[in-house]
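[1] For reference, the sequence and a predicted model appear below.
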Amino acid sequence: MPGRTMPTRRRRPVVEDEEEGDAVRSAKRPSLSGSVKRARLNGSDDEADSPTPDANSPRESPEAFGSHAVQNGDAEAGNDHRAGEFQPGAIVRVKVTNFITYEKAEFFPGPNLNMVIGPNGTGKSSLVCAICIGLGWAPSHLGRATQLGEFVRHGMKEAFVEIELQGGPDEENHIIKLRIPREGNGKRWWLNNRESNHNTIKALMARFNIQIDNLCQFLPQDKVSEFAALTKVELLNQTLRAAAPQQIIDWHDALKELRQEQKKLQVKNEQDRELLANLETRQQNLQHEVDKLNQRKAIQEKIEKLQKAIIFIEYSTAKSKYTELKQKSKHAKENLRRLESQVEPLLQSVNEKQEYRDKIEAVIKERKKGLLLAERAADHLSTQTEELGRTIAEYEQEIKAVKQSDAARKQRVQKHQAKIRELDIAMAKPKPDFDAKKWNDILRKINTKKKEVVRELNELNAKHNELIVLAKGLREEQANLKTELGELESQAGRQASRIGTFSPDVQKAWEWVQANQGEFEKEVYGPPLVTCSVKDDRYVDHLETLISNNSFLTITTQTRNDNHKLMKKLKEMRWDGVRYYCVTGQLNRTPMWSAEQLRENGFETWAMDLVDGPDAVLNMLFNGYNRHPMSLQDVSEEQLDKIGRCSKSVSFVAGNTFYTTTYRSEYDQSSTSTKNILSAKFWTDAPVDTSAQQEVQAKIEAINAKIAHLKDTTVTPIVTRKEELKDEKDKLVTEAEQKSKKKDDEQRAEGEYNALGSKRERENSALQDALNDGDDVIRQIKDLELKWDDDVLKKAQLGFQHKEAVSKIRDHHELVLEAEVMFIEAHSDFEVLKEKNRENMERLGREKEVTKQAHEESIIQKEKATKLLKLVENMMRDANEQGTSDYYSEMANTKTVEDVQNELAAEEAKLQLTHVGNPNAIQDFERRQETLEKLRTDVAATDHQLNRIDRKITTIREKWEPGLDSVVAEISEAFSYNFERIGCQGEVGVLKDEDFNNWAIEIKVKFRSNEPLQILDAQRQSGGERSVSTIFYLMALQSLAKSPFRVVDEINQGMDPRNERKVHERMVEIACQEHTSQYFLITPKLLTGLKYDRRMKILCIASGEYMPEDYKRLDLDTVIANRRAAIAAA
């Protein structure tokens, strides 16, 4: 099985330190290729369209690094990756500009496993984002930002992503480029350096089977948890897209569609059959109406036959009338022909005159055409003459303009001559002295000194910032301590501190409640010791005697859920001595006696009225009722008797005694018990232990001393030195600007002196050109005058031609007049002869009208008979089938239409007299019968469709299910093997269901020997176990993968080192086999001594504000080589 095949492992060379062994081989071949923050060179940093170096050649960037850098693998591993090893669609290169954390960076991954490593926040996941967005997918597949503009680096207007994909056989690589604006939706695409569109990019992705929206292929950091949370059905769909042949996916889709159609048809068929049975039952209940319906049917059939008989009779009558009219039309035509032969000789001369007139009219038209042509020719000659006149005028204007421009030329000659004289004078002066080396040395010294000042200033700023942060932390701590001190000094604070003297557990519980009030549905109140107070201190002893000691330390909730949550927390924290009480009802403040009764019984007030606090707490203290009278004076025996008569059960305090009267109904007697009032110990102003306040005050004073010490010994010297350095920097900047300006002035003067010779040459050349232009002016004027002469001659010739054309117009006009006179004479002769033969013409016209009318009547009657014939033919076919044709023939021969209509009326009256019990029974029966027939047809059709779908499902499933089982079996075998390598168990299976939409993948795993295989889900396993299962499942798909590459971002989060090491080893073995797809593994952490293969490539990302400006100092290969050398020397 492919999943069990192990590639030959290459042994790593023996090195002194296993942790550094992989990188030392490339110490002399640096391959840095990008940065996020790059220094400007020559005043420009725009290299978005610069040529891309070869993906497999060593590269050294000419630009300095800022705060990021990317190490694109070791050179030895990189040189093993030839272009031919990349599968079509694999990523050969990724280049980003102003993208998220990157200013500029370029990645050159290998064709097999690519590990992207670096600390958190360096931009590893930014590479994943670039791959997703740069290949045409939406940001929603990343689980991060939702707008493309949010991926543009802060402070930049736009970002660029460029991705190079390996082409197919005999095909160049495809380069996709995307421009992302910060504002708006104006993204632009390029494909192979030609502007393209999103649909074209999507089509290319489909061609290479790149599925960024498939978690089995592309698993970004923020989607890792979603993979484990995929439903089993979703996992099957994603797995098939990633690993199964397209035919399997198509069959699955077809089966789901067929099953959906089958369920709809089954529901419809069941409903139709139920309705059919119902209708048939109801139809049978109308059987008693059938006889009457048959009688009506017989009458209706006779009525139908009589109606058809009328049509037969009407057709016979129409046919006879048509024969008669046809004969009449024939006689009229014969009469017309005889009349035409009689008047023909008389009309011949009229026709000849008419023909002669028409010929003359044709001649007039021809002669008018000749006249029109002659007029057009004259107009054309006139237009040409006018055009030549305008051309001659233009020549005259051009000659005038040339002469005027010659005057300007002469002025230019004088100007150039004067300029040459000025230049000769300037060239005669001595040459200015300019020493570039001297000025460069001066400026270099100033800049060097300025850099030293800036470096020291930056170091001081860093120290100052650290001190500011330290001071801020101290001040925050001081503020917190002052707040704590204020709370301790307040009345509530003193009372809260007293809780601890009675019960430390209650104090801890109350502090937890205060910190977590937001988790409760309603406010939870603390013990009455801190939430209540006594309005009159004289009654403090009386009240504490009335209220139990435990009640003073009881926490009060207002809902059952809050009570349950508090109880759970107390048990969890083992605060066993804490009492809590749930109050859900309203406090009843109505006393049991009126104010007058209270005074009569010797009392001043009620206990509840003496305590100030929340209603819920008072409800808890007094059990919801205001029934405890209070008095500072003792009561007499008479008053006690009166109290017993007023209330059988009551508790009250009078003087120094607490009374409790209890009534026992079984004896119908009351008993009274008493106890002495004790001194209060809760609601007192007893002094509070101030040791806590003194401790807090001591901490505040210590922080003040520390802040003062920092300010005197560190901050003040730093601030003073910073001001000195800023002044020195400003002076250096001013000096550099002054020296640079003076250097520029001297350099400009030398350049201007050196340019005097070339300026004189240009002026002399311009002078010669101006002198030569004089000859050109003479030639130009001569040419224009020759053209003017030619056009004047042509204009004269056209004048003679125009005169001849006007003469021809006159000749044609005379011919037209002659023909028109002849037409008038011929027309007059024709009208005279026409008047003489008017009577014959009118007689002939009347005869023609008679003939026409007879013909039209016969046609109308023929159409009527033809329409009836069609009806008769249709009825005769039915009659022949029914054997009633003789009946219609006899009716047509023996009866008239009126006879049959009378008989029809009699039958219709008989039909109306035939009643049924239910007036609507006939309509219901007929309508239901139609519905029954339609339902039977529908049921039969549905049965046929269901049989057809069953056959289709069977046919497709016989091909699809074995293919699916085979794919899942291969995945399961590889998955199980991967788990065996780490001492665990795992398997993958198919959950089959009648509904193909519910077929699913089920993954079972076992991480401990004492437990059975359990289904993998988001609840049973830990995060690390889910990560192991996820990566092993993705690795199991590797041998079946259709996609050219896979991306997994921080899948190793939550794994223990042992599992992470084994998972990594297995991933290297699988992903570095020959002919496997490309793999990207993104991880912020890396164990030492991990398995290495020459086919894998390491992409290191470094970041931080202390990145050196010189990128060569960041070369990780050189760093490792130096480390090696240091170890060897030691």
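    That came through fine.
[2] all strands of the stretch 51-200 of the chain, in order?
    Assigned by DSSP state E, counting those that start in this stretch, the strands in the stretch 51-200 of the chain fall at 68-72, 91-99, 102-107, 113-117, 158-165, 174-181, 188-191, 194-196.
[3] ranking those strands by mean pLDDT, which is last?
    Per-stretch mean pLDDT for the strands of the stretch 51-200 of the chain is lowest at strand 68-72 (a mean of 49).
[4] Relative to C132, how far out is D1049?
    Distance, D1049 to C132, by CB to CB, to the nearest Å: 10 Å. Every residue, glycine included, has its C-beta placed from N, CA and C.
[5] Please apply the same query to D612.
    Computed with CB to CB, the distance linking D612 and C132 is 64 Å.
[6] Repeat that for E544.
    Distance of E544 to C132, given as CB to CB: 71 Å.
[7] V1047 belongs to a strand, doesn't it?
    Yes. Using DSSP: H, G, I helix; E, B strand; the rest coil, the assignment for V1047 is a strand.
[8] Enumerate every residue touching it.
    V1047 sits next to V128, I131, Q217, F218, L219, P220, F1080, I1082 when contact means CB atoms under 8 Å, 6 or more residues apart in numbering.
[9] ok, and the closest residue to it other than its chain neighbours, which helix or strand is that part of?
    In this structure, V1047 finds its nearest non-sequential neighbour in F1080, 4.4 Å apart by CB to CB, 6 or more residues apart in numbering. Using DSSP states H and E, F1080 sits within strand 1078-1083.
[10] circling back to that earlier point, and A1121, which of the strands of the stretch 51-200 of the chain is closest to it?
    Of all those, it is strand 68-72 that lies closest to A1121, at 13.6 Å by CB to CB.
[11] burial of D950, as a residue count?
    By other CB atoms under 10 Å, the residues close to D950 number 12.
[12] Apart from its chain neighbours, what residue comes closest to it?
    Q262 (7.6 Å).
[13] Distance check, R259 against K992.
    Going from R259 to K992 by CB to CB gives 13 Å.
[14] higher neighbour count, the two?
    Between R259 and K992, R259 has the larger neighbour count (other CB under 10 Å), namely 18 against 12.
[15] show me what contacts that one?
    I953, D995, F996, N997.
[16] helix or strand for it, which one?
    Applying DSSP H and E as the criterion places R259 in helix 246-284.
[17] How far does that helix sit from its chain's centre?
    Going by CA atoms, centre = their mean, to the nearest Å, the spacing between the C-alpha centre of helix 246-284 and its chain's C-alpha centre is 37 Å.
[18] tell me the two of the contacts of V1047 that are most distant?
    Most distant of these, by CB to CB, are Q217 and I1082, 14.4 Å apart.
[19] Okay, helices next: where are they in the stretch 601-750 of the chain?
    615-621, 637-646, 691-710, 716-754 (DSSP state H, counting those that start in this stretch).
[20] Can you tell me which of the ones you listed is nearest to K438?
    So among those, helix 716-754 is nearest, using CB to CB, at 9.0 Å.
[21] Can you name every helix or strand that that closest one contacts?
    helix 436-489 (3 or more CB pairs under 8 Å, 6 or more residues apart in numbering; DSSP states H and E).
[22] Run the angle between the helix it packs on and helix 716-754 for me.
    150 degrees (axes from the mean of the first three to the mean of the last three CA atoms, to 10 degrees).
[23] and helix 436-489, what does it pack onto?
    helix 491-502, helix 691-710, helix 716-754.
[24] Where does T323 sit: helix, strand or coil?
    Taking three-state DSSP as the rule, one finds T323 in the helix state.
[25] Contacts only, for it.
    By CB under 8 Å, 6+ apart, the contact set of T323 is empty.
[26] Check it and give its pLDDT.
    The model reports T323 with a pLDDT of 83.
[27] Same check on the one 3 residues further on?
    Here the pLDDT value assigned to K326 is 81.
[28] Could you tell me which ranges of the stretch 351-500 of the chain sit under the pLDDT cut-off?
    The stretch 351-500 of the chain contains residues with pLDDT under 70 at 484-497.
[29] isn't the residue nearest to D950 right up against R951?
    No. At 11.4 Å, Q262 does not count as touching R951 under the criterion of CB atoms under 8 Å.
[30] More neighbours: the two, which one.
    Taking other CB under 10 Å, Q262 and R951 do not tie; Q262 has more neighbours (20 against 10).
[31] do you know how far that one is from W999?
    Separation of Q262 from W999 (CB to CB): 15 Å.
[32] same thing with N549?
    With distances taken as CB to CB, N549 is found 68 Å from W999.
[33] higher neighbour count, the two?
    Under the neighbour definition other CB under 10 Å, N549 and W999 were set side by side, and W999 has more, 21 against 10.
[34] roughly how far apart are that one and K992?
    From W999 to K992 the distance is 6 Å (CB to CB).
[35] do the same with T734
    Taking CB to CB, one finds T734 at 84 Å from K992.
[36] Show me this protein divided up by domain.
    As given by automatic domain parsing, the domain ranges for the chain are 2-229+1018-1129, 533-682.
[37] deepest of the ones you listed, which one?
    Of these, the one with the most neighbours on average (mean count of other CB atoms under 10 Å) is domain 2-229+1018-1129, at a mean of 18.
[38] Helices of the stretch 1001-1130 of the chain, residue ranges please.
    1023-1036, 1057-1071, 1116-1129.
[39] From the contact counts, what lies against the longest one?
    Judged by 3+ CB pairs under 8 Å, 6+ apart, the packing partners of helix 1057-1071 are strand 113-117, helix 1023-1036, strand 1078-1083.
[40] re earlier: which of the helices of the stretch 601-750 of the chain is buried the deepest?
    Greatest average neighbour count among these goes to helix 615-621 (a mean of 21), per mean count of other CB under 10 Å.
[41] quick one: it to chain centroid distance?
    Using CA atoms, centre = their mean, the offset of helix 615-621 from its chain centre is 56 Å.
[42] Of the strands of the stretch 51-200 of the chain, which is nearest C582?
    strand 113-117 (55.5 Å).
[43] What pairs with that closest one, parallel or antiparallel?
    Strand 113-117 has the following strand partners under DSSP bridges: strand 1078-1083 (parallel), strand 1097-1103 (parallel).
[44] Specify the angle between the first one and helix 1057-1071 in degrees.
    Here strand 1078-1083 points in a direction 160 degrees away from that of helix 1057-1071 (the same axes, to 10 degrees).
[45] Quick one: distance of strand 1078-1083 to the chain centre.
    For strand 1078-1083, the distance to the chain centre is 26 Å (CA atoms, centre = their mean).
[46] who touches that strand?
    With CB under 8 Å, 6+ apart as the test, strand 1078-1083 has contacts from 86-87, 90-91, 109-117, 124-125, 127-128, 131, 221, 1038, 1044-1052, 1067, 1071.
[47] Which helix or strand in the chain has the lowest average pLDDT?
    Using mean pLDDT, DSSP states H and E, helix 75-79 stands out as the lowest-scoring helix or strand of the chain, at a mean of 39.
[48] Kindly state the neighbouring-residue count (a burial measure) for N480.
    So N480, with other CB under 10 Å, has 13 neighbours.
[49] doesn't S1009 make contact with C984?
    No. At 9.0 Å, C984 does not count as touching S1009 under the criterion of CB under 8 Å.
[50] neighbour count winner among these two?
    A side-by-side neighbour count of C984 and S1009, using other CB under 10 Å, places C984 first with 20 against 8.
[51] need the contact list for the more buried one.
    Applying CB under 8 Å, 6+ apart, we find C984 in contact with V1005, K1006, F1007.
[52] picking up where we left off before, drop anything exposed from the contacts of R259.
    The neighbour-count criterion (16 or more other CB atoms under 10 Å) marks I953, F996 among those as buried.
[53] Please flag which of the contacts of R259 sit within helices.
    With helices defined by DSSP state H, the entries of the contacts of R259 inside them are I953.
[54] Redo the contacts of R259 as TSV? Include distance to W512.
    Shown next, in TSV, are the contacts of R259 (distance: CB to CB, whole Å):
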residue	distance to W512
I953	62
D995	51
F996	54
N997	50
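[55] quick check, nearest of the contacts of R259 to E723?
    Relative to E723, the closest of the contacts of R259 is N997; by CB to CB it sits at 75.3 Å.
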